[in-house]
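Student: need a structure here:
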Amino acid sequence: MTISQWAANPHLAFYCRQLSAVRAQRLVKDLDTVPITISPMFGWADLGDVVGKKSQPEHSSELADGQERYLMPVRLQYLHEQQVLLGDGPHQVQAQAVGPGGFVKNLSWQISPQSVGSPGTQVMAHGKLLVDPPTIISTKTQRHRALETGHEALWDILLDMERQLIAALELAHHNMRSEIYATIGKWSDRWVSSQDIEHLASSTIHNPAQSLMRTLESQIHDQEVFDNVDPQRHMVTKVHQAAQRLIYDAIGDLSDGRGTKIRNAALQLKCKDPDALPQLMLDHGMTDVRHHRSSVVTALNPVPSAAEVMDGAELENIRMSQGGQIWH
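Tutor: Reported below is the predicted structural model:
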């Protein structure tokens, strides 16, 4: 069988379709003309073992004959003017497919919006790459449908990110609780309530000013963001990094992990004196800067956050006020 019949990682294929729909919506929303051709966002290739277990299905029956592992996504990179092609064409498209493990393929193809039938996937790079079909918008109705599809895909991504962030925050809370107890012996069953975690996740995900939203924007617009990582791993990594920061911020702990460093130093040096500990940390090479007394007091006296009483309707209001109006 040829690569055109090979199976792609299904979870990544779904996520990449969502990203592609959002990208198409962003690219056409300010264009009031047809026909429009949106060059494809992804290609699919066998990247070998560089992507780890994600390329291996649970059952070999999921693969086609002769296929050893799932196809994985590679980002197609274009000159700016070739992402959106206006007019009847035909258009000559040049791109570079780039992915993890140093995968790079130079590509060229021709597309015409006037071609009979819907364009399908294309096999390129001497049979080593499967390229997604372009999005062709020939009527005002198709343009409206592309805008709606992109908006729905964006909401699906945001709600899935919210679920991921809640789970990551709960894990980060468990780790924080263990860290605080292990270092300074203070225990609280809930440093941050489950209700606060849900509120925190919702307000974070639906606010474009937050770092996770900038990450999502970079996935849509930055053609080089997936050079060394697949789209889902990139987002999951950012979600867990954000959760660790957010959970400590929620109890007013010092940023950038300084609270944890101070508590670890207090344990190792057997000193909780806020006047003596900063100098001891310097003397033992545990820091390059002298911490202020107030910082040490804050780190050694964490306080559980106060739970906010919020019902489901209030959380939905957050989503709609911050997401429904800002994201489009």
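Student: check contacts around the closest residue to Gln56 other than its chain neighbours.
Tutor: Among residues not flanking Gln56 along the chain, Arg69 sits closest, at 5.8 Å (C-beta to C-beta, 6 or more residues apart in numbering). C-betas here are computed from N, CA, C, even on glycine. When contacts are counted by C-beta atoms under 8 Å, 6 or more residues apart in numbering, Arg69 is found next to Asp46, Gly48, Ser55, Gln56, Pro57, Leu63.
Student: Please list the members of those residues that lie in helices.
Tutor: Per DSSP state H, helices hold no members of these.
Student: Neighbour-wise, which one of those residues leads?
Tutor: Top of those by neighbour number is Ser55, holding 20 neighbours under the definition other C-beta atoms under 10 Å.
Student: Spell out the secondary structure type for the residue nearest to Gln56.
Tutor: When states are read from DSSP: H, G, I helix; E, B strand; the rest coil, the local structure at Arg69 comes out as coil.
Student: per-residue confidence at it?
Tutor: What the model reports as pLDDT for Arg69 is 91.
Student: how about it, phi and psi?
Tutor: The phi/psi pair for Arg69 (degrees, to the nearest 10) reads phi -160, psi 170.
Student: Pull up the gap between it and Ala167, please.
Tutor: Taking C-beta to C-beta, to the nearest Å as the measure, Arg69 falls 27 Å from Ala167.
Student: how many other residues sit next to the closest residue to Val50 other than its chain neighbours?
Tutor: In space, Val50 comes closest to Gly101 once its chain neighbours are excluded; the distance is 3.3 Å by C-beta to C-beta, 6+ apart. Burial measure for Gly101: 14 neighbouring residues, criterion other C-beta under 10 Å.
Student: What residue spans form the domains of this structure?
Tutor: 3-138, 145-253+302-324 (automatic domain parsing).
Student: Pass me the low-pLDDT residue ranges in this structure, would you?
Tutor: Within the chain, the segments meeting pLDDT under 70 span 1, 115-119, 306-328.
Student: so where do the helices sit in it?
Tutor: When secondary structure is read from DSSP H, the chain shows helices at 10-28, 140-184, 194-205, 211-221, 231-249, 258-269, 277-283, 293-300, 312-318.
Student: right, and these - which one's nearest Ala97?
Tutor: Counting by C-beta to C-beta, Ala97 lies closest to helix 10-28 out of those; the figure is 13.3 Å.
Student: Okay, buried residues for that closest one please.
Tutor: Applying a neighbour-count criterion of 16 or more other C-beta atoms under 10 Å, one finds 12-13, 15-16, 18-28 buried in helix 10-28.
Student: Give me the residues contacting it.
Tutor: 36, 38, 40-42, 54, 72-73, 83-84, 132, 135, 137, 143, 146-147, 149-154, 156-157, 219-221, 230-232.
Student: between it and helix 231-249, how big is the angle?
Tutor: Helix 10-28 and helix 231-249 meet at an angle of 90 degrees, taking axes from the mean of the first three to the mean of the last three C-alpha atoms, to 10 degrees as the criterion.
Student: Compute the inter-axis angle for helix 10-28 and helix 140-184.
Tutor: With the same axes, to 10 degrees as the basis, helix 10-28 and helix 140-184 are set at 120 degrees to each other.
Student: what inclination does helix 10-28 have with respect to helix 211-221?
Tutor: Following the same axes, to 10 degrees, one obtains 80 degrees for the angle between helix 10-28 and helix 211-221.
Student: How far does helix 10-28 sit from its chain's centre?
Tutor: Relative to the chain's own centre, helix 10-28 is displaced by 13 Å; criterion: C-alpha atoms, centre = their mean, to the nearest Å.
Student: Need the CA coordinates for that helix. CSV is fine.
Tutor: As requested, the backbone C-alpha atoms of helix 10-28 are provided in CSV (Å, rounded to 0.1, in the frame of the first residue of the first chain):
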residue,chain,number,x,y,z
PRO,A,10,-6.0,9.7,15.3
HIS,A,11,-5.8,12.1,18.2
LEU,A,12,-3.2,14.3,16.5
ALA,A,13,-5.2,14.1,13.2
PHE,A,14,-8.3,15.4,15.1
TYR,A,15,-6.4,18.2,16.8
CYS,A,16,-4.6,19.3,13.6
ARG,A,17,-8.0,19.5,11.8
GLN,A,18,-9.2,21.8,14.5
LEU,A,19,-6.1,24.0,14.3
SER,A,20,-6.5,24.1,10.5
ALA,A,21,-10.1,25.2,10.7
VAL,A,22,-9.2,28.0,13.2
ARG,A,23,-6.3,29.1,10.9
ALA,A,24,-8.6,29.1,7.9
GLN,A,25,-11.2,31.2,9.8
ARG,A,26,-8.5,33.7,10.8
LEU,A,27,-7.1,34.0,7.3
VAL,A,28,-10.5,34.6,5.6
